[in-house]
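> Dropping a prediction and its sequence here:
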Amino acid sequence: METNKITIWHFQRLISRRLLAWAGISIVSGVLMYLSKNKFWRNVGAQFASWGIFNAGIAVFGNISTQNRIATIENPGEPDVLASETKKLRLILLINAGLDVLYILGGRGLAQRDTGDGAQRGHGMGIIVQGAFLLIFDIVHAALIRDKKS
């Protein structure tokens, strides 16, 4: 029973760690791509590094927020609290999935407006890849908590 009481809190921290890992991968690969002389790859790299920094911030903030919520809620293991937190997290992930679709569409539009040197296409493709990863990330995590009771 005690394990079930901390499940949603543990899951929120797990999501933050996974997002931070993706952020690190994005930053490192983005910097490496940015070193290319090719405008397409430089701009893909710029997007990867930028999104990585942004995602790292979200991951760190998410982890701090979870810790603060646990510390300020009188009984963080109460079934009603766990159910409410589960519902909130699922909603946040689904809203984010909707935003991810918009990122992908925006990246597609940017890529299609390329002027021929690959610069716009690189930015667009970088956004598409990052948005697609986040879409899968958010949908998978929302589905994983769908059946949780706590």
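Arrived safely.
> What does the residue of the chain positioned farthest from its centre show for phi and psi?
For the chain, the residue at maximal distance from the C-alpha centroid (C-alpha atoms, centre = their mean) is Gly116, at 31.0 Å. Main-chain torsions, Gly116, degrees, to the nearest 10: phi 110, psi -20.
> now Val140
Note on Val140: its backbone torsions stand at phi -60, psi -50 [degrees, to the nearest 10].
> Check which helix or strand Ala56 maps to.
Ala56 is located in helix 39-72, with elements delineated by DSSP states H and E.
> Which helix or which strand is home to the residue positioned nearest the centre of the chain?
With distances taken as C-alpha atoms, centre = their mean, Leu134 lies nearest the centre of the chain, 4.9 Å away. Taking DSSP H and E as the criterion, Leu134 maps to helix 119-146.
> list the helices and strands that helix packs on?
On a contact count with 3 or more C-beta pairs under 8 Å, 6 or more residues apart in numbering; DSSP states H and E, helix 119-146 meets helix 7-34, helix 39-72, helix 79-112. Any C-beta I mention is one placed from the backbone N, CA and C, and that applies to glycine too.
> that older thread, let me see the contact set for the residue lying closest to the residue nearest to the centre of the chain once chain neighbours are set aside.
The shortest distance from Leu134 to any residue other than its chain neighbours is 4.6 Å, reached at Asp100 (C-beta to C-beta, 6 or more residues apart in numbering). With contact taken as C-beta atoms under 8 Å, 6 or more residues apart in numbering, Asp100 is in contact with Gly131, Ala132, Leu134, Leu135, Asp138.
> Nice, that's everything, thank you.
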